[in-house]
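Undergrad: Predicted coordinates and the sequence they were generated for:
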Protein chains: 2
Amino acid sequence: MKMNDYIEIVDKKLDEFMPIEYPEDIFKAMKYTVTLPGKRLRPVMCLESCRVFGGNYEDAIPTACAIEMLHAQTLIHDDLPCMDNDDFRRGKPTNHKVFGEANAVLAGDALLTFAPQIIVKNSKNLGSEKLIKILEEYFQAGGAYGVIAGQVVDIESEKGNVQGDKGETLEYIHTHKTADLFKLALRTGAIIANATDEQINEITEFGQILGVAFQIADDILDEISTFEEMGKTLGKDKNAGKLTYTAMYGLDESKNKLSCLLDNCYDIIRKFDIKSEVFVEIISGIKKRVGIK
Amino acid sequence: MKMNDYIEIVDKKLDEFMPIEYPEDIFKAMKYTVTLPGKRLRPVMCLESCRVFGGNYEDAIPTACAIEMLHAQTLIHDDLPCMDNDDFRRGKPTNHKVFGEANAVLAGDALLTFAPQIIVKNSKNLGSEKLIKILEEYFQAGGAYGVIAGQVVDIESEKGNVQGDKGETLEYIHTHKTADLFKLALRTGAIIANATDEQINEITEFGQILGVAFQIADDILDEISTFEEMGKTLGKDKNAGKLTYTAMYGLDESKNKLSCLLDNCYDIIRKFDIKSEVFVEIISGIKKRVGIK
């Protein structure tokens, strides 16, 4: 499978999994952000992880789509006026700009239970035991031990409340805000494929490094890119005094670090003999966007 | 078991299930609203439903506590400035007043995955199949098909956007905002006890009527009670032009309707031979608060 084949499948299934039911306002708001055009990195990683460990990627489709919904949930709430207060996302007005703040809060809430419901409803063939394992991964990564931990510390850092070492805090934020969902995608794909614990550990290591790399790339692009390229207002993080990689280490050092991490990613898939053109494409895609070799 | 015994158990377990971990801000905010003193109606119903259908109520403790967490989640977000904008809840400042809006949004989000995580972590003895059933009930009642549907239509009604019959819309709001969590509590308790489908249907009917009755009582108390008695600002719903039972039918007619519904509740537990002093106590407690015989 190629990257674009996966993206096509995910887009089609996201649309199918999200019919507009009554009360329409909430289902429309949920679907709006989930179906904004995107790279679908997380669901693609889930499907590909399932495939490389010998599973049938089709078994991972509901989980992959649920992870994209969870990702959209974090975007909707992060964009709220009381959080990052962003008006644009993927080139379109943010959820609360279209549906109002109350509906945006509720749409995010709804996605948090809708997403695992999609998994359970559409993955009965995996059996209850495996389903519980997948849900445990989802709850851990989607909650106070995962993405939310990252967002809370990120908000605190913006207020200048950093406890302890700044570099460690930044690593903590990147790990939880970004790498946790990458790892969720890769781990659940592997679990569905009946990968061994050792294989799950390997792919987790890959997700951790790729996730941090992705976030550093995002920090770099926030400085060097344009609204047209990124579809969102840029330079806000720096202006808000947010703890970012570029603010801490400068642009050149950030690019060096990113380059090292992406090389690490290549090393891991070579070392563990993970045969995936798609993973290679994801890594090289990040390099290309940031303009490093 | 008596009502107060259950309440004591639930309070103790809620405290145990919610240690303050890093990042402390989020865990403190989550715990704050969950552990505000309350009647613990939903968890008590869950435990008692398990008992009356021949189960061991202790098996239902994690699920009962998770439902109280879900309930707290709805309170935290409903109180937000962009929703009902309430400053007090159970006599204490609301979550966003203490922790700020961003943390209140995130605390609610976190509870939505933390609560089912508590169920899974602490109910392994129930087996994966039953766990999946319980989680399905949780996702359905906690999401866009349950409490959130009620809240969305409630907000629309406040703006004067009522489609179709007002009475039916009000019933829809009460069913989803309130009865859905009552039914969730009663149904999961029954499922844990291995109740038959017929018994589950019976207890669902009880929960539906009790839930609507409870919400009518709440509408009445919003008019006739005081801040000291209720621990929250009153009369706001009426002033906001919200669709409430008392606004639609007047105080006397609302009391009549409430009285009928509570009599229906008695009838159901008699008809189905549900032997529960606790359910009787809950019904008579509502009568007493509103001052009807």
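TA: Alright, I've got the coordinates.
Undergrad: show me the contacts for the residue most central in space within chain A.
TA: When CA atoms, centre = their mean is applied to chain A, the residue found nearest the centroid is residue A:181 (4.8 Å). Residue A:181 makes contact with A:42, A:67, A:70-71, A:74, A:141-142, A:146-147, A:211, according to CB atoms under 8 Å, 6 or more residues apart in numbering or on different chains. For glycine as for every other residue, the C-beta is placed from the backbone atoms N, C-alpha and C.
Undergrad: Quick check: which element contains it?
TA: Assessed by DSSP states H and E, residue A:181 sits inside helix A:180-192.
Undergrad: next helix or strand past that helix?
TA: helix A:197-224.
Undergrad: That following helix: which residues count as buried?
TA: Using 16 or more other CB atoms under 10 Å in any protein chain shown as the test for burial, helix A:197-224 gives A:199-200, A:202-223.
Undergrad: Next: stretch A:228-235.
TA: Applying 16+ other CB under 10 Å to stretch A:228-235 flags A:230-232, A:234 as buried.
Undergrad: Centre of the chain to it, how far?
TA: 18 Å (CA atoms, centre = their mean, to the nearest Å).
Undergrad: Residues contacting it, please?
TA: By CB under 8 Å, 6+ apart, stretch A:228-235 touches A:86-92, A:221-223, A:225-227.
Undergrad: Of those, grab the buried ones for ChimeraX.
TA: Buried residues among those (16+ other CB under 10 Å), as a ChimeraX selection:
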select /A:86,88,89,92,221,222,223,225
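Undergrad: pLDDT and distance to residue A:162 for the contacts of stretch A:228-235 - can I get that in TSV?
TA: Output for the contacts of stretch A:228-235, formatted as TSV (pLDDT from 0 to 100; distance: CB to CB, whole Å):
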residue	pLDDT	distance to residue A:162
A:86	93	23
A:87	95	27
A:88	94	28
A:89	90	27
A:90	85	30
A:91	88	32
A:92	95	33
A:221	93	23
A:222	88	19
A:223	87	21
A:225	81	26
A:226	74	30
A:227	71	29
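Undergrad: of the contacts of stretch A:228-235, closest to chain B?
TA: residue A:86 (13.3 Å; CB to the nearest CB).
Undergrad: what residues are up against the closest one?
TA: A:78-79, A:94, A:232-233, A:236.
Undergrad: please redo it, this time with the cut-off set to 7 Å
TA: Neighbouring residues of residue A:86 by CB atoms under 7 Å, 6 or more residues apart in numbering or on different chains: A:79, A:94, A:232-233.
Undergrad: before we move on, what about residue A:59?
TA: A:50, A:126, A:192.
Undergrad: Spatially, which two of the buried residues of stretch A:228-235 are the most separated?
TA: Taking CB to CB, the two most distant members of those are A:231 and A:234; they sit 9.9 Å apart.
Undergrad: count of residues packed around residue A:285?
TA: Using other CB atoms under 10 Å in any protein chain shown, residue A:285 is surrounded by 14 other residues.
Undergrad: Give me the next element, helix or strand, following the helix or strand of chain A with the lowest mean pLDDT.
TA: Using mean pLDDT, DSSP states H and E, the weakest-scoring helix or strand in chain A turns out to be helix A:236-239, at a mean of 66. Next helix or strand after helix A:236-239 toward the C-terminus (DSSP H and E): helix A:245-271.
Undergrad: buried residues in that next one?
TA: So, applying 16+ other CB under 10 Å, buried residues of helix A:245-271: A:245-247, A:249, A:254-255, A:257-259, A:261-262, A:264-265, A:268-269.
Undergrad: now do stretch A:20-29
TA: A:23, A:25-29.
Undergrad: Residues of chain A that sit close to chain B?
TA: Selection of chain A residues close to chain B by CB under 7 Å from any CB of the partner chain yields A:23, A:25-27, A:30, A:77, A:80, A:82-83, A:101-103, A:105-106, A:108-110, A:112-114, A:116-117, A:120, A:128-129, A:131-132, A:135-136, A:139, A:142-144, A:148-149, A:151-153, A:155-156.
Undergrad: for the stretch 51-200 of chain A, what spans make up the strands?
TA: For the stretch 51-200 of chain A, the strands defined by DSSP state E, counting those that start in this stretch occupy A:88-89, A:92-93.
Undergrad: Just put these in a markdown table and tack on distance to residue B:164.
TA: Formatted as a markdown table, the strands of the stretch 51-200 of chain A follow (distance: least, CB to CB, whole Å):
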| stretch | distance to residue B:164 |
| --- | --- |
| strand A:88-89 | 34 |
| strand A:92-93 | 30 |
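Undergrad: count of residues packed around residue A:33?
TA: 26.
Undergrad: so what's it up against?
TA: A:72, A:75-76, A:95.
Undergrad: which secondary structure element contains it?
TA: Counting by DSSP H and E, residue A:33 is found in helix A:24-34.
Undergrad: how about the CA coordinates for that helix, as PDB?
TA: In PDB, the C-alpha atoms belonging to helix A:24-34 read as follows (Å, rounded to 0.1, in the frame of the first residue of the first chain):
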ATOM      1  CA  GLU A  24     -27.600  18.000  13.500                       C
ATOM      2  CA  ASP A  25     -25.600  20.900  15.000                       C
ATOM      3  CA  ILE A  26     -23.400  18.600  17.100                       C
ATOM      4  CA  PHE A  27     -22.800  16.000  14.400                       C
ATOM      5  CA  LYS A  28     -22.000  18.700  11.800                       C
ATOM      6  CA  ALA A  29     -19.500  20.300  14.200                       C
ATOM      7  CA  MET A  30     -17.900  17.000  15.000                       C
ATOM      8  CA  LYS A  31     -17.600  16.100  11.300                       C
ATOM      9  CA  TYR A  32     -16.400  19.500  10.200                       C
ATOM     10  CA  THR A  33     -13.000  19.400  11.900                       C
ATOM     11  CA  VAL A  34     -12.500  15.600  11.500                       C
END
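Undergrad: Quick check: mean pLDDT of it?
TA: For helix A:24-34, mean pLDDT rounds to 97.
Undergrad: I'd like the distance from that helix to the chain centre, please.
TA: That offset, for helix A:24-34, works out to 19 Å (CA atoms, centre = their mean).
Undergrad: do stretch A:43-62 as well
TA: 16 Å.
Undergrad: same question for that stretch, mean pLDDT?
TA: Rounded mean pLDDT across stretch A:43-62 is 98.
Undergrad: Pull out the buried positions in that stretch.
TA: A:43-53, A:55, A:57, A:59-62.
Undergrad: Thanks a lot, catch you later.
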